[in-house]
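Dropping the sequence and predicted coords here.
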Amino acid sequence: MQICRVVGTVVATRKHRTFEGAKLLLVQPLNIDDTPRGSALLTIDGVGAGVHEKVLVVLEGRAAGEALGRKPAPVDAAIIGIIDTVTIDD
Amino acid sequence: MQICRVVGTVVATRKHRTFEGAKLLLVQPLNIDDTPRGSALLTIDGVGAGVHEKVLVVLEGRAAGEALGRKPAPVDAAIIGIIDTVTIDD
Amino acid sequence: MQICRVVGTVVATRKHRTFEGAKLLLVQPLNIDDTPRGSALLTIDGVGAGVHEKVLVVLEGRAAGEALGRKPAPVDAAIIGIIDTVTIDD
Amino acid sequence: MQICRVVGTVVATRKHRTFEGAKLLLVQPLNIDDTPRGSALLTIDGVGAGVHEKVLVVLEGRAAGEALGRKPAPVDAAIIGIIDTVTIDD
Amino acid sequence: MQICRVVGTVVATRKHRTFEGAKLLLVQPLNIDDTPRGSALLTIDGVGAGVHEKVLVVLEGRAAGEALGRKPAPVDAAIIGIIDTVTIDD
């Protein structure tokens, strides 16, 4: 799973029927020190996350579908948790 | 999921029987600022997208197969939505 | 899916029993302008492709297994079409 | 599978119900010579690993779900072993 | 699938019960000209490969599990063949 920050929203009125009503959030993957890493990606929100929140993102279709409680949904990324704290033990 | 722009079409007359009739579109992944990111890739169109449209692409076999409504199709990428707006909250 | 060119063949006499008889082809992923992109990879041929042909390659285990008509085969890449034309609309 | 070192822990109180109680560990992928490789990632602990231990990490949803003994859990990475020794034969 | 060379072995006494007894081999992905490419990775041996042998590696959980004949095993990479010859047709 990846640590990401929610950075935006996406509206797609014409979309595959199995995820009508799902919330599309744009997230930016983060390094451990909270700097951005790579490109932003689109996820389906499975926990009610908001913009600026640090979240736990699962990147895999089967797992993302499970997160939505709709196994056959055509998704490959989902927000599955809101992160409270990250503790690094060097 | 990735934000991409449809940039072309591909014709393959000899192909696996399970996706006879499917439309093959070439899409270019985009950064948040709409600049191209990485290489173009081939997708199956699940929503009736057209060239130049900004689309939502799912990159995973199970999910892509679901998008086509033909679960056992041998695909790994599908267009599952047409993007209306992307809103970035910095 | 990826656009690739078939560049070679691989012989492996000792292999997993579920793909005895399958043809192993080495393919080179291509950019839109037909220049090579990244490293060559090994695929199972699902459509009777030949060396030098431009092909459609699916990169995912479930999908690749479907292409062979042997769902439980341990494969992660398969050739699923022969490409006739690629049209870019800038 | 990847060789990683456990480098931290993550707390996420609001998360998908299927992995309530699961332990989230931050791991750093390693090269053969134990130098860090790429970015740290979040895994679910399937074997009772501790911080600083060198572990075996599986990166794939179905496999990670199996490691937890909860197939439908929305996870894409899990710790499945504690590494004792790595022997390189040049 | 990837062409790799077996470069070492890994011992992990504490591991997920479903792959007790499985042999863990460290493999180095190769370019077509046999030079190393990227980082070494851990695989489960499905064909009885030995150190220094050039092997065929499948990188995907479902496929890797099939290679072991234990579908639900939490693995994401397996050796599924020993390579005899690679022929490049330029």
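Yep, it's here. Residues are numbered from 1 along each chain as shown, chains lettered A, B, ... in the order given.

all contacts plus neighbour counts: C-alpha atoms, from now on.
Noted.

can you pull the buried residues of stretch A:15-27?
In terms of neighbour count (16 or more other C-alpha atoms under 10 Å in any protein chain shown), stretch A:15-27 has its buried residues at A:Lys15, A:His16, A:Thr18, A:Phe19, A:Lys23, A:Leu24, A:Leu25, A:Leu26, A:Val27.

for these, which one is nearest chain E?
Checking those against chain E with C-alpha to the nearest C-alpha, the nearest one is A:Thr18 at 24.5 Å.

hang on, the earlier thing: tell me the one of the buried residues of stretch A:15-27 nearest A:Asp33?
A:Asp33 has its nearest neighbour among these in A:Val27, at 16.4 Å by C-alpha to C-alpha.

From chain B, how far out is that closest one?
10 Å (C-alpha to the nearest C-alpha, to the nearest Å).

How about A:Pro29?
A:Pro29 is 13 Å from chain B, where distance means C-alpha to the nearest C-alpha.

Same question for A:Ala22.
Taken as C-alpha to the nearest C-alpha, the span from A:Ala22 to chain B is 12 Å.

again, but for A:Val47
17 Å.

just checking, what packs against the longest strand along chain A?
In chain A, assigned by DSSP state E, the strand with the most residues is strand A:2-11. Packing contacts for strand A:2-11, counted by 3 or more C-alpha pairs under 8 Å, 6 or more residues apart in numbering or on different chains; DSSP states H and E, involve strand A:24-29, strand A:54-58, strand B:85-88, strand D:41-45.

Please pull up the helix or strand immediately following it.
Counting by DSSP states H and E, the next helix or strand C-terminal to strand A:2-11 is strand A:14-15.

Mind listing residues that contact that following strand?
Applying C-alpha atoms under 8 Å, 6 or more residues apart in numbering or on different chains, the contact partners of strand A:14-15 are B:Val47, B:Ile80, B:Gly81, B:Ile82, B:Ile83.

Paired strands for it, with orientation please.
According to DSSP bridges, strand A:14-15 has the following sheet partners: strand B:78-82 (antiparallel).

Could you check how far the partner strand is from the centre of its chain?
Counting by C-alpha atoms, centre = their mean, to the nearest Å, strand B:78-82 is centred 6 Å from the centre of its parent chain.

Repeat that for stretch A:24-36.
Chain-centre distance of stretch A:24-36: 10 Å, with C-alpha atoms, centre = their mean.

measure that stretch end to end?
Terminal residues of stretch A:24-36 are spaced 20 Å apart (C-alpha to C-alpha, to the nearest Å).

what do you get for stretch A:51-66?
Using C-alpha to C-alpha, the end-to-end distance of stretch A:51-66 comes to 23 Å.

And chain E, is that stretch touching that?
No. Contact of stretch A:51-66 with chain E (C-alpha under 8 Å from any C-alpha of the partner chain) is absent, the minimum separation being 11.6 Å.

how close does A:Thr13 sit to chain B?
From A:Thr13 to chain B the distance is 7 Å (C-alpha to the nearest C-alpha).

How about A:His52?
Here A:His52 is placed at a distance of 8 Å from chain B (C-alpha to the nearest C-alpha).

which residues touch that residue?
Contacts of A:His52 were listed using C-alpha under 8 Å, 6+ apart, and they are A:Arg5, A:Val6, A:Val7, B:Asp89.

Which one among the residues you listed sits at the bottom for pLDDT?
Lowest pLDDT of these: B:Asp89, 85.

Identify the residues contacting it.
Residues near B:Asp89 by C-alpha under 8 Å, 6+ apart: A:Val7, A:Gly8, A:Val51, A:His52.

wait, the first one sits on A:Val51?
Yes. When contacts are counted by C-alpha atoms under 8 Å, A:Val7 is listed as touching A:Val51 (5.7 Å).

ok, these two, which is more surrounded?
Shown here are A:Val7 and A:Val51; by other C-alpha atoms under 10 Å in any protein chain shown, A:Val7 has more neighbours (20 against 16).

From B:Glu66, how far out is that one?
Distance of A:Val7 to B:Glu66, given as C-alpha to C-alpha: 28 Å.

A:Asn31 now?
From A:Asn31 to B:Glu66 the distance is 32 Å (C-alpha to C-alpha).

between the longest strand of chain A and strand B:54-58, how big is the angle?
Interaxial angle, strand A:2-11 versus strand B:54-58 (axes from the mean of the first three to the mean of the last three C-alpha atoms, to 10 degrees): 140 degrees.

Quickly list what the closest residue to A:Ile82 other than its chain neighbours is bridged to.
Closest residue to A:Ile82 apart from its sequence neighbours, by C-alpha to C-alpha, 6 or more residues apart in numbering or on different chains: A:Val55 at 4.5 Å. Beta-bridge pairing for A:Val55 (DSSP bridges): A:Cys4, A:Ile82.

before we move on, the earlier item: please identify the one among the contacts of strand A:14-15 that lies nearest to B:Leu59.
Nearest to B:Leu59 among the contacts of strand A:14-15: B:Ile80, at 10.3 Å, using C-alpha to C-alpha.

That closest one and C:Asp89: what is the separation?
Using C-alpha to C-alpha, B:Ile80 is found at 21 Å from C:Asp89.

for A:Thr85, same thing?
47 Å.

Those residues of chain A touching chain D, which are they?
With C-alpha under 8 Å from any C-alpha as the criterion, chain A comes near chain D at residues A:1-3, A:31-32, A:46-47, A:58-67, A:80-90.

Would you list the buried entries among these?
Among those, those scoring as buried are A:1-3, A:31-32, A:46-47, A:58-67, A:80-83, A:86, A:88 (criterion: 16+ other C-alpha under 10 Å).
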